[in-house]
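K.L.:
take a look and give me a structure for this.
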Amino acid sequence: MQVTTQMINELIDSRNVSIVGSVGQDGFPNIKAMLEPRKRDGIKTFWFTTNTSSMRVAQFRANPKACIYFFDRDTFRGVMLQGSMEVCEDAATKEMIWREGDTLYYREGVTDPDYCVLRFTAVSGRYYAELSTSSFEVN
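P.N.:
Numbering: from 1, shown residues only. Presented below is the predicted three-dimensional model:
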């Protein structure tokens, strides 16, 4: 099967949940469901919001290796992207991602010390559909 960026984008755009993988202190993979990315640049760069105090942030600071996964349960299609996750706490990135209503989670607003942004940068991926898988590089 020939996988296109359009196929991958359509799958990601149709999902409201992201599965994020990190590496734990013990070297084992850890998986967490998160909301969809707040922003993305194609299939190369994704931005997520999270709590600075979270276990996942500590894991990414110790080991930036990460993966994200999007799937459609009804059609049994999925895409996994591998790469690295950076914890961003600079004002510009936090303001770029901030949305009205985020004070529900971060009471002090965009400057809340427990609010940060995770920036995922993909280097490769794997797409599954119609009983077939395809690996690809992300440029």
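K.L.:
mind listing residues that contact stretch 43-58?
P.N.:
For stretch 43-58, the external contacting residues (CB atoms under 8 Å, 6 or more residues apart in numbering) are 5, 8-9, 12, 18, 20, 22, 30, 32, 34-35, 37-40, 68, 81, 87-89, 93, 96-97, 102, 105, 113-122, 125, 138-139. Yep, even glycine has a C-beta here, placed from its N, CA and C like the rest.
K.L.:
state the distance from residue 75 to residue 133.
P.N.:
Using CB to CB, to the nearest Å, residue 75 is found at 15 Å from residue 133.
K.L.:
oops, could you answer that again for residue 12 instead?
P.N.:
When residue 12 is compared with residue 133 (using CB to CB), they lie 17 Å apart.
K.L.:
more neighbours: these two, which one.
P.N.:
Counted by other CB atoms under 10 Å, residue 12 and residue 133 do not tie: residue 12 has more neighbours, with 19 against 13.
K.L.:
name the residues of the helix or strand containing that one that are buried.
P.N.:
Assigned by DSSP states H and E, residue 12 belongs to helix 5-13. Under the neighbour-count criterion of 16 or more other CB atoms under 10 Å, helix 5-13 has 7-8, 11-12 buried.
K.L.:
same question, stretch 27-39
P.N.:
For stretch 27-39, by 16+ other CB under 10 Å, it's 37-38.
K.L.:
now swap in stretch 82-101 and tell me
P.N.:
Across stretch 82-101, burial judged by 16+ other CB under 10 Å covers 82-83, 85-88, 93-94, 97-98.
K.L.:
kindly report the same for stretch 70-84.
P.N.:
Going by 16+ other CB under 10 Å, stretch 70-84 has these buried residues: 70-71, 77-83.
K.L.:
which of those residues fall within helices?
P.N.:
Applying DSSP state H to the buried residues of stretch 70-84, no entry is found in helices.
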